[in-house]
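Asks: Provided below for reference: sequence and predicted model.
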Amino acid sequence: MELIHRITVISNPTRIFEVGTELDGQEIIEIKQAGAEYEDRIHSEYHVLNEEGCLIACIENAPVLIEYKQIAEHDEHEK
């Protein structure tokens, strides 16, 4: 499974959000894609979440670079 590990917002100044780092005293635990694709447009949206699942930052309709991290999935049915 691939998870978003880092998102770089191409802006002035450039903003970088990375899992495991802190933002305003809160540790970034997860970055989730929350956008939607419509027939006539795409709404790009990413949520940066803290350890309690609360929103730290939201990136909407901005040019971004996404870095993914491959993680192993554990099969619960293994004997």
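Replies: Nice, thanks for sending it over.
Asks: For Ile56, which non-adjacent residue is closest in space?
Replies: Val48 (4.7 Å; C-beta to C-beta, 6 or more residues apart in numbering). C-beta: built from backbone N, CA, C; applies to glycine.
Asks: what's the answer for Asn61, then?
Replies: Ser44 (5.2 Å).
Asks: pLDDT weak spots in the chain?
Replies: For the chain, residues meeting the criterion pLDDT under 70 lie at 75-79.
Asks: these two touch, right, the residue nearest to Ile56 and Val64?
Replies: No: using C-beta atoms under 8 Å as the test, Val48 is too far from Val64 to be in contact (11.6 Å).
Asks: So which of these two has more stuff around it?
Replies: Val48 (22 against 16; other C-beta atoms under 10 Å).
Asks: list the contacts for the more buried one?
Replies: Val48 is in contact with Ile7, Phe17, Leu23, Ile28, Glu30, Ile31, Leu55, Ile56, Ala57, Cys58, Ile59, counting by C-beta atoms under 8 Å, 6 or more residues apart in numbering.
Asks: Now tabulate these in CSV and tack on distance to Ile71.
Replies: Below are the contacts of Val48 laid out as CSV (distance: C-beta to C-beta, whole Å):
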residue, distance to Ile71
Ile7, 17
Phe17, 18
Leu23, 22
Ile28, 16
Glu30, 12
Ile31, 13
Leu55, 23
Ile56, 21
Ala57, 22
Cys58, 24
Ile59, 22
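Asks: Mind giving me the ChimeraX select for these, buried ones only?
Replies: The buried residues among those can be selected in ChimeraX (16 or more other C-beta atoms under 10 Å) with this line:
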select :7,17,28,31,56,57,59
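Asks: Please render the contacts of Val48 as a markdown table that adds distance to Asp40 and secondary structure to the earlier fields.
Replies: Listed next are the contacts of Val48 as a markdown table, based on distance: C-beta to C-beta, whole Å; DSSP: H, G, I helix; E, B strand; the rest coil:
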| residue | distance to Asp40 | secondary structure |
| --- | --- | --- |
| Ile7 | 25 | strand |
| Phe17 | 29 | strand |
| Leu23 | 34 | strand |
| Ile28 | 33 | coil |
| Glu30 | 30 | strand |
| Ile31 | 27 | strand |
| Leu55 | 27 | strand |
| Ile56 | 31 | strand |
| Ala57 | 27 | strand |
| Cys58 | 23 | strand |
| Ile59 | 22 | strand |
